[in-house]
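Student: Quick one, fold the following:
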Amino acid sequence: MLMLTPTAIEAVRIITTGDGKPADAGLRIFSATENAQSLQLAIAEAPAEQDQVLSADGSRIFLDEKAAAFLDDKILDTSVDADGQSTFVVAPQGPNQPDQAAPQG
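Tutor: Below is the predicted model of the structure:
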């Protein structure tokens, strides 16, 4: 299952709440190609019919089937560049990774 760092959980919560967004909104991760080697992110008001729904500490993530399979052994984190811009980063799960939280799905 996709794991999330505390900073990723907070980033998802920030971008999917407030500003008139529905309470069920979440970050949707979906495959942009046939083999899930390219993923896209979008704010979604609700999950698509076949999406896997993960939630952790008030954040919600929706994964399409291909993205869920590709991300099954990965961790989602965020990094901040010199300009203060946050970027989501996907890395393999492992013992040397930052604190990880298992979302509930």
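Student: Specify the local secondary structure of the residue nearest to the spatial centre of the chain.
Tutor: Central residue of the chain (CA atoms, centre = their mean): Ile61, 5.1 Å from the mean position. The three-state label given to Ile61 by DSSP: H, G, I helix; E, B strand; the rest coil is strand.
Student: Touching, it and Ala44? I think so.
Tutor: No - contact between Ile61 and Ala44 fails when scored by CB atoms under 8 Å: they sit 9.8 Å apart. Backbone N, C-alpha and C define where each C-beta goes, glycine included.
Student: which residues are common contacts for the two?
Tutor: Both Ile61 and Ala44 are contacted by Gly26, Leu27, Arg28, under the criterion CB atoms under 8 Å, 6 or more residues apart in numbering.
Student: Please, which helix or strand holds the second one?
Tutor: Right, the one you point to is Leu27. If you go by DSSP states H and E, Leu27 is part of strand 26-31.
Student: after that strand comes which helix or strand?
Tutor: Next along the chain after strand 26-31, taking DSSP H and E as the criterion, comes strand 39-44.
Student: List the buried residues of the next helix or strand after that following strand.
Tutor: Scanning the chain past strand 39-44 towards its C-terminal end, the next helix or strand to appear is strand 52-56 (assignment: DSSP H and E). For strand 52-56, burial by neighbour count (16 or more other CB atoms under 10 Å) applies to Gln52, Leu54, Ala56.
Student: what bridges to the last one?
Tutor: What that stands for is Ala56. Assessed by DSSP bridges, Ala56 has beta-bridge partners Ser59.
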